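Enquirer: Starting from these lines, generate the structure:
(chains A and B)
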Amino acid sequence: MASSRDDVMELDSFRKGVDHWLDEQEDALAPDHPGLGTLDQQMAQLAKVKRLGYEAGWVRWGWPERVGGLGGSPILRAYLGEALTARDVVEPGVYSMTEVLAPTMIGFARPELAASLVPRLLRGDETWCQGFSEPGTGSNLASLTCRATRTDDGWRVSGQKVWTSYAQYAARCVLLTRTGSQESAHRGITALFIDMDSPGITVRPLQTMHGVDEFSEVFYDDVAVPFERTLGEVDKGWSVAMDLLPYERSTSLWHKGAYLHRKLEHLLAAVPAGALSPAEVGEVVQILYAFRARSRATQYRMAAGDPLGPETSVDKVLVATAEQAVFDLAAAGLAGEVVLGDDGASRRWRSEFLYSRAATIYGGSAEIQRNIIARRILDLGDDR
Amino acid sequence: MIEGHDLELFERSIRQATERHTGAALDAALIELGWQDALAVDRRAAVSVLFALQGSANVTSSALATVVAAGLGLESPAEHGVILPGLGSWAPPAELAGDQLTVGGLGAADLDRRETVLVVAKDPGASGTTLAVTVERSALAVGPVGGLDPALAIAEVSGNGIPFRPIAGEATRGWPEAVALAQMAVAHELIGAARTMLELARDHANNRIQFGQPIGKFQAVRHRLAEALVAIEAADGVLDAAWDIPSPELAAAAKALAGRGARTTARHCQQVLAGIGFTAEHPFHRYFRRILVLDQLFGSARSLTDDLGTRLLASRQLPALLTL
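Expert: Here you go, the predicted structure:
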């Protein structure tokens, strides 16, 4: 089916079109590797799926036309990611990076810059990353120290970032830098969009406990960045970061929900009889329903153009709870596989179980989410 | 559909009624406000508004009986009292063997004011079918009224070989629909009660000063209250979805999550309210009593969760619910 730019594509026809395309292109879209694959294989698979999806048009729906999209509601993106994840075509973590980074570019980059580069991200020509956390700056993001200094012909950036997902594959990075005094806290931060092949950048992947080295340390040593790569206003990078965070907790979480649904389906099919009690299975499924119902409402609010705010922290708490509950159940029901198994399927359950331990740590820890809920929803006042 | 300004007016009038009245007086106020007409026109608005407010204000009415009868498809759902399933159960509260009707279920406070009572019975002769009948209130044995929540006045109701009159028509096939609707109504009431418990604890945390500051400044307290809100929103999200996409599975999950979420909320809020929340002078205990009893109506968090898990382990399939 050819996607027409003039159509305002409704979800139902989009769903039919995507499902039909996925059926028709099943072989072309399938990963070349069995099971989870290495991170290199996952990234190659992602690039392939994005390219095929872009050529068929499906990946372009839900994005504005000025950045290579075909228009329409963001709910179309939510469905596409759900369908790709539910069929095990992509891993939700790598796939959903686009959902976080493209809106930032659309909202804050110069229009010409967004128009020339966002299509490369959508098409899978490039991977991008997000340089926020630092060795001394985890939950307290406003204390970051990676410094950008103004010179006659652009910024010079020096400092260190950490936990930068997929940095070793990334062509660009949305980087938060310190441009004010250290005491300026959230008022003296500027967001820059940098090329990762700039001289002075060193990427060192961290070895993780689940065996997929997706996070890196990134060192910036006097890296030159042109002024036109500034995102938003100088010293107003905090608003770029705050604008991005609700995206982290909307479409990409919906994709994660589809992934957890798939894992639970696989678990129910594979678990030996008698290994799990009905009560524990029932409770985990209810927790997953709760997250998906909540996230579903968030997708519709976003599609209606409602602003997303602190209430998305509830979504984030629920998805992390659901992810750990699903994999705790898997580790109990498939103990043989997770503890001892050495075949591909077992290694995958083990890796994904271990990765689920990070769900309450990354993207704003469980404690930070509860702080946000307490301060901004329950109105319990400042905690300091 | 009741929408926009009409919905606001409807909600305001029901709110005033639940803030002023309880029991028979609230039933009278609801008749005057046309709540039963609203139930016929827009089930979602009528059920969600009334039960959330009833839970929030800790008042009682006979609306649950009306909701069950409406779910069964009765044209005049408020005409009779209704026997509810036993504690933790959602099975029909009676059995019919030949012409022998055996009743074993629960009655609410309004039972005393009724002359006839609606009873849904399993018909073992025809598997899975149910039959709705009416019986004389005076023919039933009603256990002592009181227990954990005397204001709700739930009592055990029983009887053997009771004379009955069948109700003609569609009503005989509606038990699963009636259960789903009742589960959603009770879930709204549980969530309404839980939101008020959280409000009581939040106010206390903002006003109670220890170590020179409100206790709500302490992270241990803040995180308990945040946890309570997450539990409430988890249940409310599934409940909303159960209205959007009607399904017995979502209604049951919403009821289970509401029961568990209300207990989680009660645990955190009672700890934050501490000593004052343990006194009978503070309203907290009335909400705590209420949610513990409501959790037992039309399936408890425990029984519904066990049932869901049993079915999933048997089918080994996860239903594709909650699509966009």
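Enquirer: Could you use CA atoms for every contact and neighbour count after this?
Expert: Will do.
Enquirer: Could I get the average pLDDT for the helix or strand containing A:Gln41?
Expert: Per DSSP states H and E, A:Gln41 falls inside helix A:39-56. Regarding helix A:39-56, the rounded mean pLDDT is 96.
Enquirer: In it, which residues are buried?
Expert: Buried residues in helix A:39-56, defined by neighbour count with 16 or more other Cα atoms under 10 Å in any protein chain shown: A:39, A:42-43, A:45-54.
Enquirer: Same check on stretch A:196-208?
Expert: Buried residues in stretch A:196-208 (16+ other Cα under 10 Å): A:196, A:201-203, A:205-206.
Enquirer: CSV for those residues, including distance to chain B?
Expert: Converted to CSV, the buried residues of stretch A:196-208 look like this (distance: Cα to the nearest Cα, whole Å):
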residue, distance to chain B
A:Met196, 37
A:Ile201, 39
A:Thr202, 39
A:Val203, 37
A:Pro205, 34
A:Leu206, 32
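Enquirer: rewinding a little: next structured bit after the helix holding A:Gln41?
Expert: Downstream of helix A:39-56, the first helix or strand assigned by DSSP H and E is helix A:75-86.
Enquirer: how about the strands in the stretch 1-150 of chain B?
Expert: Secondary structure of the stretch 1-150 of chain B by DSSP state E, counting those that start in this stretch: the strands cover B:81-82, B:94-97, B:100-107, B:116-122, B:130-136, B:141-142.
Enquirer: Of all the helices and strands in the chain, which has the lowest average confidence?
Expert: Since you didn't name a chain, this refers to chain A. When each helix and strand of chain A is scored by mean pLDDT, DSSP states H and E, helix A:237-248 comes last, with a mean of 87.
Enquirer: That was the other one, I meant chain B.
Expert: Lowest mean among helices/strands of chain B [mean pLDDT, DSSP H and E]: strand B:165-166, a mean of 88.
Enquirer: buried sites along the next helix-or-strand element following that strand?
Expert: Toward the C-terminus, strand B:165-166 is succeeded by helix B:175-207 as the next helix or strand (DSSP H and E). For helix B:175-207, a neighbour-count test (16+ other Cα under 10 Å) marks B:175-198, B:200-202, B:204-206 as buried.
Enquirer: Now narrow those to whatever sits close to chain A.
Expert: By Cα under 8 Å from any Cα of the partner chain, the members of these lying near chain A are B:202, B:205-206.
Enquirer: which residue packs closest to residue 262, ignoring adjacent ones?
Expert: In the absence of a named chain, chain A is used. Nearest non-adjacent residue to A:Arg262, counting by Cα to Cα, 6 or more residues apart in numbering or on different chains: A:Ala86, 5.8 Å away.
Enquirer: my bad, chain B
Expert: Spatial nearest neighbour of B:Ala262, chain neighbours left out: B:Ala194 (5.1 Å); criterion: Cα to Cα, 6+ apart.
Enquirer: wait, doesn't the one you found sit right on B:Thr265?
Expert: Yes. Under the criterion of Cα atoms under 8 Å, B:Ala194 makes contact with B:Thr265 at 6.2 Å.
Enquirer: circling back to that earlier point, contacts only, for the residue nearest to B:Ala262.
Expert: The contact partners of B:Ala194, by Cα atoms under 8 Å, 6 or more residues apart in numbering or on different chains, come to B:56, B:232, B:261-262, B:265-266, B:287, B:291.
Enquirer: in chain A, which spans are helices?
Expert: Using DSSP state H, the helices found in chain A span residues A:11-24, A:26-29, A:39-56, A:75-86, A:92-95, A:97-108, A:111-123, A:237-248, A:251-270, A:278-303, A:312-333, A:335-339, A:344-356, A:366-372.
Enquirer: List the contacts of the residue in the stretch 101-250 of chain A positioned nearest to chain B.
Expert: Ranked by Cα to the nearest Cα, the top residue of the stretch 101-250 of chain A for proximity to chain B is A:Ser250, at 13.4 Å. By Cα under 8 Å, 6+ apart, the contact list for A:Ser250 reads A:295, A:298-299, A:312, A:315.
Enquirer: Which pLDDT value goes with it?
Expert: The score at A:Ser250 is 88. That number is its pLDDT.
Enquirer: Could you do A:Gln207 as well?
Expert: A:Gln207 carries a pLDDT value of 95.
Enquirer: The closest residue to it other than its chain neighbours and A:Cys129, how far apart?
Expert: Once flanking residues are discounted, A:Gln207 sits nearest to A:Asp213: 5.3 Å by Cα to Cα, 6+ apart. Counting by Cα to Cα, to the nearest Å, the gap from A:Asp213 to A:Cys129 is 14 Å.
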